[in-house]
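Participant: Okay, predicted coordinates and the sequence, questions at the end:
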Amino acid sequence: MKVKQQLKQLKPYQPGKPIEEVKREYQLETVIKLASNENPYGCSSLVQQAITAELAHLALYPDGYSRALREALAKHVGVNEKQLIFGNGSDEVVQIICRAFLQKGTNTVMATPTFPQYRHNAIIEGAEVREIPLRDGHHHLEGMLEAIDDDTRVVWICSPNNPTGTYVNDASLRAFLEKVPKHVLVVVDEAYYEYVQANDYPNTVSLLQQYENIMVLRTFSKAYGLAALRIGYGIGHEHMLQAMEPAREPFNTSRLAQVAALAALNDQTFIQQCVQKNKQGLNQFYSFCDQYGLRYYKSEGNFILIDFGFSGDEVFTYLLQRGIIVRSGCALGFPTAVRITVGSAEQNETIIRALTNMLKERREKLCEETF
């Protein structure tokens, strides 16, 4: 048996270490996971009530149209209900886009480093991947424009970008869209949209009124705290989404995910509270970095990428041994950095204390070696 040739150049997605595995490996009672950009405050209490009520219906297939959620979300976002497509996480919407638009002989343009599933799914479809390096952590839009040709089908903009947390502002995105050929789909992945604080962040949904070739991705996994249930969505023009629909698997979002997302959507007070706490948490990390002269990017997400000036794997291991899970930048295209999810105030204090000790121990060791 022979699998697709292109699969041989890919590796399965490697998530952060599970909490239970770290507890066993290091014989720890308590572990803090700040590796996967999950919401440290969980989800709305309304979600638990909705799931409990839905448990009596697990023998029934879900609504393939997701009508109740679709109608509520369309109203919340401000679009027609047929301008939405749902996925098993926004990751699956990425996969659907690649299935629908990419094949051998086509190409797709994206930044690097960025969310890896754009590249992963494009390669599976046999498309050429054109990666344009970030400039000081930001999308190099001019470079991406230069990479577009007649065979380009999709351009990906991750904003806020994972793993840097940087964003493409309104003026830059509008200027970019004006220059992108009409046959090219521009996908703006806004997985961290709810956390954004920047005043010049674009209203991407309103851009649908002006541009036919734009699609916006969002998710319930991050701010809404439903990562375990896997539900995300895309917003685009009705005619385009209808053309893409055959690439979507039937019943691809579960009954539990649909009712949970609907309940979460109806509790915007919870979201606002989480966003405010996230802002305060980022300031904790900014103060730490400024105190120790560490380079970082101002983040519009619920995470921060910090450059320590030495191997990110070393930082990762030091923290792991002390019961704190983060993501090493070695796997993210930033070998001397780590990406840290913003946790609760207490969790942030714990990791900052550990990092402070690490820097002091490292400084003392260097001094000993010098003398």
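Facilitator: Yep, that arrived.

Participant: CA only for contacts and neighbour counts going forward, please
Facilitator: Will do.

Participant: low-scoring stretches of the stretch 201-350 of the chain, by residue?
Facilitator: Applying pLDDT under 70 to the stretch 201-350 of the chain picks out no residues at all.

Participant: how far does stretch 18-36 sit from the chain's center?
Facilitator: 22 Å (Cα atoms, centre = their mean, to the nearest Å).

Participant: again, but for stretch 240-259
Facilitator: That offset, for stretch 240-259, works out to 20 Å (Cα atoms, centre = their mean).

Participant: Would you mind giving both backbone torsions of residue 324?
Facilitator: Per-residue torsions, residue 324: phi -130, psi 120 (degrees, to the nearest 10).

Participant: partner residues bridging it?
Facilitator: residue 32 (DSSP bridges).

Participant: To what extent is it buried, counted in neighbours?
Facilitator: If you count neighbours by other Cα atoms under 10 Å, residue 324 ends up with 22.

Participant: Quick one: residues contacting it.
Facilitator: 31-34, 351 (Cα atoms under 8 Å, 6 or more residues apart in numbering).

Participant: now do 6 Å
Facilitator: 31-33 (Cα atoms under 6 Å, 6 or more residues apart in numbering).

Participant: same deal with residue 323?
Facilitator: So residue 323 contacts residue 31 (Cα under 6 Å, 6+ apart).

Participant: And it, how far from residue 304?
Facilitator: As judged by Cα to Cα, to the nearest Å, residue 323 and residue 304 stand 19 Å apart.

Participant: Turn the contacts of residue 324 into TSV, columns for neighbour count.
Facilitator: Shown next, in TSV, are those (neighbours: other Cα atoms under 10 Å):
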residue	neighbour count
31	19
32	20
33	24
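
Participant: and of these, the nearest to residue 121?
Facilitator: residue 33 (27.3 Å; Cα to Cα).

Participant: Name the residue closest to the centre of the protein, please.
Facilitator: residue 191 (4.8 Å; Cα atoms, centre = their mean).

Participant: pretty sure that one is touching residue 218, no?
Facilitator: Yes - look at residue 191 against residue 218 with Cα atoms under 6 Å: they come within range, at 4.7 Å.

Participant: so what's the backbone phi/psi at residue 157?
Facilitator: Taking degrees, to the nearest 10 as the convention, residue 157 sits at phi -120, psi 110.

Participant: number of nearby residues for residue 330?
Facilitator: By the criterion of other Cα under 10 Å, residue 330 has 16 neighbours.

Participant: With residue 73 instead?
Facilitator: Residue 73: 20 neighbours (other Cα under 10 Å).

Participant: same deal with residue 60?
Facilitator: 9.

Participant: Which stretches in the stretch 101-250 of the chain count as strands?
Facilitator: 107-112, 128-133, 152-158, 185-189, 214-219, 232-235 (DSSP state E, counting those that start in this stretch).

Participant: Can you tell me the strand partners of the fourth one and which way each runs?
Facilitator: In the sheet containing strand 185-189, the strands it pairs with under DSSP bridges are strand 152-158 (parallel), strand 214-219 (parallel).

Participant: Quick one: mean pLDDT over stretch 93-110.
Facilitator: What stretch 93-110 shows for mean pLDDT is 98.

Participant: mind saving the C-alpha coords of that stretch as CSV?
Facilitator: Extracted in CSV, the C-alpha atoms of stretch 93-110 (Å, rounded to 0.1, in the frame of the first residue of the first chain):
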residue,chain,number,x,y,z
VAL,A,93,-12.5,25.2,7.6
VAL,A,94,-8.8,25.6,6.6
GLN,A,95,-8.9,22.1,5.3
ILE,A,96,-12.2,22.7,3.4
ILE,A,97,-10.7,25.8,1.7
CYS,A,98,-7.7,23.8,0.6
ARG,A,99,-9.9,20.9,-0.7
ALA,A,100,-12.0,23.4,-2.6
PHE,A,101,-9.3,25.6,-4.2
LEU,A,102,-6.0,23.9,-4.2
GLN,A,103,-4.5,21.1,-6.4
LYS,A,104,-1.4,20.3,-8.3
GLY,A,105,-0.5,23.1,-10.6
THR,A,106,-1.8,25.8,-8.2
ASN,A,107,0.0,27.7,-5.4
THR,A,108,-0.8,29.4,-2.2
VAL,A,109,0.9,32.3,-0.4
MET,A,110,1.4,32.7,3.3
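
Participant: tell me which residues in it are buried?
Facilitator: 93-103, 106-110 (16 or more other Cα atoms under 10 Å).
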